[in-house]
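>>> the sequence and its predicted three-dimensional model are supplied below.
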Amino acid sequence: MKIIIRILIGLGVLIVFVFIVALFTDKEYNVERQISINRPKQGVFDYIKMLKNQDNFSKWSQMDPNMKKDYSGTDGTVGFTASWASENNDVGKGSQTIAKITEGAGIDTDLHFLNHLKERLMPT
């Protein structure tokens, strides 16, 4: 009986430890990727800051070329929003808004999925 009590106390301590660690972890995260492109930096930046250009290389757009797309604002500027809605549950609905542009260096966007993807998170 003492062994069972010690195991339960150990499990309790472990659960409490996990909750304490969770209190101090970040609630947000960033995804960053890097690739080398043999082109002038400003030309590449001018291309990628336009959200409409993402359709040219997006796996999501290739999965459902008939998805409905809406845009508001001026592409390539802070506040521009690209929204999509697809009948294909693998693509779903969502929006992406340009939140910040550091000219020639980076673009921050807010990405919102308005419904859950049915079976997979990333296309293959």
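Now that the structure is in, tell me what you want to look at.

>>> going forward, measure contacts between C-alpha atoms and count neighbours the same way
Fine.

>>> Ala82: what's its closest spatial neighbour, skipping adjacent residues?
Tyr71 (4.6 Å; Cα to Cα, 6 or more residues apart in numbering).

>>> dump the residue contacts of the one you found.
For Tyr71, the contacting residues are Phe80, Thr81, Ala82, Ser83, by Cα atoms under 8 Å, 6 or more residues apart in numbering.

>>> if I look at it, how far off is Arg39?
28 Å (Cα to Cα, to the nearest Å).

>>> so in the protein, where's the weakest helix or strand by average pLDDT?
The weakest-scoring helix or strand in the chain, judged by mean pLDDT, DSSP states H and E, is helix 59-63 (a mean of 84).

>>> buried stuff in it?
By neighbour count on 16 or more other Cα atoms under 10 Å, the buried set for helix 59-63 is Trp60, Ser61.

>>> check stretch 101-113 too.
Ile107, Thr109.

>>> quick one: the strands in the protein?
Counting by DSSP state E, the chain has strands at residues 68-72, 81-85, 93-102, 106-113.

>>> in TSV: these, plus mean pLDDT and distance to Ile48.
Formatted as TSV, the strands of the chain follow (pLDDT from 0 to 100; distance: least, Cα to Cα, whole Å):
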stretch	mean pLDDT	distance to Ile48
strand 68-72	93	16
strand 81-85	92	14
strand 93-102	93	11
strand 106-113	91	9
